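Chemist: quick one: sequence plus predicted model below, questions after.
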Amino acid sequence: MAARRSKIPATRYPVERFTLDNGLRVVLTPDRSAPVVGVAVVYDVGIRSEPEGRTGFAHLFEHLMFQGSANLEKLAHFRYVQGAGGTFNGSTHLDYTDYFETLPSNALERALFLEADRMRGPRLTEENLRNQVDVVKEEIRVNVLNRPYGGFPWLRLPPIMFDTFPNAHDGYGSFDDLESATVEEAADFFDRYYACGNAVLAVSGDLDVAQTQELVERHFGSVPARPAPVRPSFAEPDLTAERRQAYTDRLAPLPAVATAWRVPDPVADLTSYLPYVVLAEVLTDGDASRLVERLALRDRTVTSIGGYLGLMGEPFGVRDPTALLVEAHLPPGGDVDKVLRTIDEEAARVATDGLVDGELARTQARMATHLLRGTDAVLGRALQMAVLEQQRGAPDLLNDLPRLIGEVTEEQVRAAAASLRPERRAAVEVIPGGTK
Amino acid sequence: MTLSLPALGPNRKLKVPTGAERTLSNGLTVIAIRRPSVPLVELRLWVPFGRAPLARGVLLSQTLLSGTSTMSNLDIAAELQKVGGGLAAGADPDRLMISGNGLVSGLDRILELLAEVVTDAAYPSGEVANERDRMIEHIQVAKSQPAHLAREALLRRMYGKHPYAVQTPEPEQVRAVRAAQLRTLHADRVHPNGAVLVIVGDVRPERALDAAEATLGQWKGAGRPVELPPAPALTSGPLVLVDRPDSVQSSLRMALPAVPRTHPDHAPLHLANLIFGGYFSSRWVENIREDKGYTYGPHSVIEHALAGSALIVAADVATEVTGPALLETVYELGRLASLPPKEDELEQARQYALGTLQLGMSTQAGLAALASAYAGFGLRLDFLAEHSARLARATRDEVAAAAAKYLAPSRAVTVVLGDAARIAGPLAALTPVESPAESS
């Protein structure tokens, strides 16, 4: 008999969509409860699209988008956003690159102007390129080279799991590739991928729809039309034999391991994909989850363990091919093989014995909280809607996700768990080289 | 085609959400604020925790949710999950903080479980032993992180013998902790008297207060006020160089004096800090990142603790430019301490300060964090309006005076963690240098 379920609530964010004559797709989602707006521009280009010999180029180019634009000097973008009381950033993902601001709503038009101006064209100069290559190298040092577990597992697992350059290479890039990048290549990259036909603008928060539509037309309408490039398929066949590799991290004091299995296409087959999103939480969300309870609390073979979808942990912002990951940190002298065997056992138990009474419902309730918390900030809403529009043409899926996750059945979760077999696994092990 | 920047629309007036507040008979203050943006609720319970023994205090926070006389850790976790809820606890030298969130329909249940752990946490020996091992391993990993090591060295240098000087216990101190000691510490220190619970979410404030009273009203224990001595004033001295052989970057950290939020100098100092390095469009970031490419994420921030405030400056820079990065940092501090900022720089910083106050209040979690942080210092959200007004009227002269007083590089305490063999010489060319072993 099923346990009493918490009712899964939903949001009802209104969604207005339109497309400008130049091909720019726009999503507006008004919410006048606080005098702030979130503005997001997402381009359909990411790490997977960068050319061979140019590892890290998508991310380096993201930095260049902040270095001045058609009508703005270097530093102007930062000063205008912050001088209006706002905050900004950008980030590079496997399948998209985003640029965004959160501002008091009286600065909405300013933000639209700034985003439109760099959509017309960034100022690509030799000096700015060399400066940002240096900054990116420091970013890589602080996040990867100078710290233990740097790049684990997001830079370490792809080359084991995948065979083709787009899926397997280092998205932060090698220093050699970064240093040899040229202004001309940056201009080509802009021409190819930063077309308004390849972009989505989303605005959320304290806005009037008609007035904002007019402002969007005013600022983006004159950006020259350029069509989106054809996106190639990055598909790769599933693994048929286990792949394992280990490397020594000279800074790490303790062992760690990450393992991953391929999952169904998140965009083309959302129905088959969602059970994996739920499964990751059944396995690792909190002390009452399968793997935390068994490995961290009972067997004590790990000090921490987590599971998530997509190498960058964004289940609804990644396209095929992608994976379900489990990442664990081990105590001194910990046995990675044993940890992997136990993960296999627990996956098999879910597959054969199913879930205990109430286990699925409580996992879904907690997932709803996480999803809703992610949409509470106007920027979280704008960014997710922009990506959902770009990858699926369905920004309002954001409103439906808590419900859709709540509809995943035990049978589906069991079937997903049954597919986490050792022969489909890629795994990477960190051998500690740090001083104890 | 040249286009020009559109003007800003009229400023929206800062609207501080009104909450309701009730002090229960057991001394617990409950503050409830309605923000119905999503059907969720956020909770923050601040329990005064000054002078709690370090290793026991941190381990208590990690095992508080490990079981009660009637529930196991799994029961607690599963019961929370059922209503989309979660709770987590952490400790620092000022407070024990229990944070949570969940579906608003689960508010009563989350409060019941919170009440259950604060009144009846059992600290089961097996769970304590497990958490103890895990914590030792987490500390081992932290001690391999340059940011953590630099922070440790800076705190030691800033605070000397004050309890703020050491905020991470040594593994052997953690290993010595027994479950019975956690039960004793809980009985001594986890009390409603002087504690503040903040509830923010899609709920009527009075209803939230009633729910808190119905559940946490049973929490007993008078407690006694425990205060920390004021943090000592910073004493300038040689740069402390901590060796981390083969580092490809140096972690540069500085501490400068600052004042509490209620001090008349706070608003002008807030603005002076922004102009120096407190946001991206600051002199220091534009200099060492956007002009020279020495670093990725330099930042300076004013940190407030109950016993004192400090301005912390932090950058991780390539080993080969460690000396030049320090030079530029001292230059920018000295320039602002010696010359008044330009009018437009001040206006830009002022707009940023005012705008980010608005942004910080625009989510349930942001509002809860802000209300709780303020409440821990005896302030309420209406302080936001006061601080906004002070930011709005701070003059260029006041900001210049604050910069001269607090940002003067002669008052800085400086720590650099990096490859000493490569950076000691360049640093010594700029300032006296000592290694920690030689420091008092």
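Modeler: The structure has been received and is ready for your questions.
Chemist: mind splitting the chain into its structural domains?
Modeler: I went with chain A, as the question did not name one. A:16-220, A:243-432 (automatic domain parsing).
Chemist: nope, chain B please
Modeler: Domain assignment for chain B by automatic domain parsing gives B:19-216, B:239-439.
Chemist: tabulate these in CSV, adding columns for mean neighbour count and distance to A:Glu346.
Modeler: Just so you know, the C-beta spots here come from the backbone N, C-alpha and C atoms, and that holds for glycine as well. Formatted as CSV, the domains of chain B follow (neighbours: other CB atoms under 10 Å in any protein chain shown; distance: least, CB to CB, whole Å):
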stretch, mean neighbour count, distance to A:Glu346
domain B:19-216, 20, 15
domain B:239-439, 20, 32
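Chemist: angles on the backbone of A:Val223, please.
Modeler: Dihedral angles phi and psi of A:Val223 (degrees, to the nearest 10) take the values phi -70, psi 130.
Chemist: wait, it sits on A:Val41?
Modeler: No: checked against CB atoms under 8 Å, the pair A:Val223 and A:Val41 is beyond contact range at 11.1 Å.
Chemist: shared neighbours of these two, anything?
Modeler: When contacts are counted by CB atoms under 8 Å, 6 or more residues apart in numbering or on different chains, the set common to A:Val223 and A:Val41 consists of A:Met119.
Chemist: so those two - more neighbours on which side?
Modeler: For A:Val223 versus A:Val41, neighbours defined as other CB atoms under 10 Å in any protein chain shown are more numerous around A:Val41 (30 against 22).
Chemist: what about the more buried one, is that helix, strand or coil?
Modeler: Following DSSP: H, G, I helix; E, B strand; the rest coil, A:Val41 is assigned to strand.
Chemist: what strand or helix carries the residue in the stretch 151-300 of chain B positioned nearest to chain A?
Modeler: Proximity of the stretch 151-300 of chain B to chain A (CB to the nearest CB) peaks at B:Gly293, 2.9 Å away. Remark: B:Gly293 resides in no helix or strand, with elements defined by DSSP states H and E.
Chemist: that one reaches A:Val136, doesn't it?
Modeler: No: counting by CB under 8 Å, B:Gly293 stays clear of A:Val136, with 9.1 Å between them.
Chemist: spatially central residue in chain B, please.
Modeler: B:Glu303 (6.5 Å; CA atoms, centre = their mean).
Chemist: residues in contact with that residue?
Modeler: B:Glu303 makes contact with B:Ala258, B:Ser309, B:Ala310, B:Leu311, B:Ile312, according to CB under 8 Å, 6+ apart.
Chemist: so it, which of the three states?
Modeler: Per three-state DSSP, B:Glu303 ends up strand.
Chemist: what do you get for B:Leu5?
Modeler: When classified by three-state DSSP, B:Leu5 comes out as coil.
Chemist: burial count for it?
Modeler: 15.
Chemist: what sits against it?
Modeler: Counting by CB under 8 Å, 6+ apart, the residues that B:Leu5 touches are A:Tyr80, A:Arg110, A:Phe113.
Chemist: can I get the residues you listed in TSV with secondary structure?
Modeler: Below are the contacts of B:Leu5 laid out as TSV (three-state DSSP):
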residue	secondary structure
A:Tyr80	helix
A:Arg110	helix
A:Phe113	helix
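Chemist: skipping adjacent residues, who's closest to A:Gln390 in space?
Modeler: A:Val200 (4.6 Å; CB to CB, 6 or more residues apart in numbering or on different chains).
Chemist: quick check, pLDDT for that neighbour.
Modeler: Looking at A:Val200, its pLDDT is 98.
Chemist: the helix or strand hosting it - contacts with which helices or strands?
Modeler: Per DSSP H and E: A:Val200 is located in strand A:199-205. Identification of packing neighbours for strand A:199-205 by 3 or more CB pairs under 8 Å, 6 or more residues apart in numbering or on different chains; DSSP states H and E yields strand A:25-30, strand A:36-43, helix A:108-120, helix A:209-220, helix A:378-392.
Chemist: by how many degrees do that strand and helix A:378-392 diverge?
Modeler: 150 degrees (axes from the mean of the first three to the mean of the last three CA atoms, to 10 degrees).
Chemist: ok, and what's touching strand A:199-205?
Modeler: Counting by CB under 8 Å, 6+ apart, A:13, A:24-32, A:34, A:36-44, A:105, A:108, A:112, A:115, A:119, A:212, A:216, A:220, A:378-379, A:381-383, A:385-387, A:389-390, A:395 sit against strand A:199-205.
Chemist: that one to helix A:108-120, inter-axis angle?
Modeler: Per the same axes, to 10 degrees, the angle that strand A:199-205 makes with helix A:108-120 is 170 degrees.
Chemist: strand A:199-205: how far from the chain's middle?
Modeler: When distances are taken as CA atoms, centre = their mean, to the nearest Å, strand A:199-205 is centred 17 Å away from the chain's centroid.
Chemist: between that strand and strand A:36-43, how many degrees?
Modeler: Orientation check (the same axes, to 10 degrees): strand A:199-205 against strand A:36-43 gives 170 degrees.
Chemist: mind listing what's buried in strand A:199-205?
Modeler: Residues A:Ala199, A:Val200, A:Leu201, A:Ala202, A:Val203, A:Ser204, A:Gly205 are the ones in strand A:199-205 that count as buried (16 or more other CB atoms under 10 Å in any protein chain shown).
Chemist: just checking: which of the contacts of B:Leu5 also lie near chain B?
Modeler: A:Tyr80, A:Arg110, A:Phe113 (CB under 8 Å from any CB of the partner chain).
Chemist: let me see the contact set for the last one.
Modeler: It stands for A:Phe113. A:His219, B:Leu3, B:Leu5, B:Pro6.
Chemist: switch the cut-off to 10 Å
Modeler: Going by CB atoms under 10 Å, 6 or more residues apart in numbering or on different chains, A:Phe113 touches A:Asn71, A:Leu72, A:Tyr80, A:Ala107, A:Leu215, A:Arg218, A:His219, A:Phe220, B:Leu3, B:Ser4, B:Leu5, B:Pro6.
Chemist: just the first one next, same as before
Modeler: Going by CB under 10 Å, 6+ apart, A:Tyr80 touches A:72, A:86, A:88, A:101, A:107, A:110-111, A:113-114, A:117, B:5-6, B:8, B:281, B:348.
Chemist: quick check: angle from the helix or strand hosting A:Phe88 to helix A:108-120?
Modeler: If you go by DSSP H and E, A:Phe88 is part of strand A:87-92. Relative orientation of strand A:87-92 versus helix A:108-120 (the same axes, to 10 degrees): 30 degrees.
Chemist: what lines up beside strand A:87-92 in the sheet?
Modeler: Within its sheet, strand A:87-92 is paired with strand A:97-104 (antiparallel), according to DSSP bridges.
Chemist: residue in the stretch 51-200 of chain A nearest to chain B?
Modeler: Distances between the stretch 51-200 of chain A and chain B by CB to the nearest CB are smallest at A:Gly85, namely 1.4 Å.
Chemist: regarding the residue found closest to that residue once you drop the neighbours it is linked to in the chain, which helix or strand does it belong to?
Modeler: Sequence neighbours aside, B:Gly355 is the residue nearest to A:Gly85 in space, at 1.4 Å (criterion: CB to CB, 6+ apart). Taking DSSP H and E as the definition, B:Gly355 sits inside helix B:343-360.
Chemist: show me what that helix packs onto, helices and strands only.
Modeler: Helix B:343-360 makes packing contacts with strand A:36-43, helix A:76-82, strand A:87-92, strand A:97-104, helix B:266-273, helix B:364-376, helix B:382-393, helix B:396-406 when contacts are defined by 3 or more CB pairs under 10 Å, 6 or more residues apart in numbering or on different chains; DSSP states H and E.
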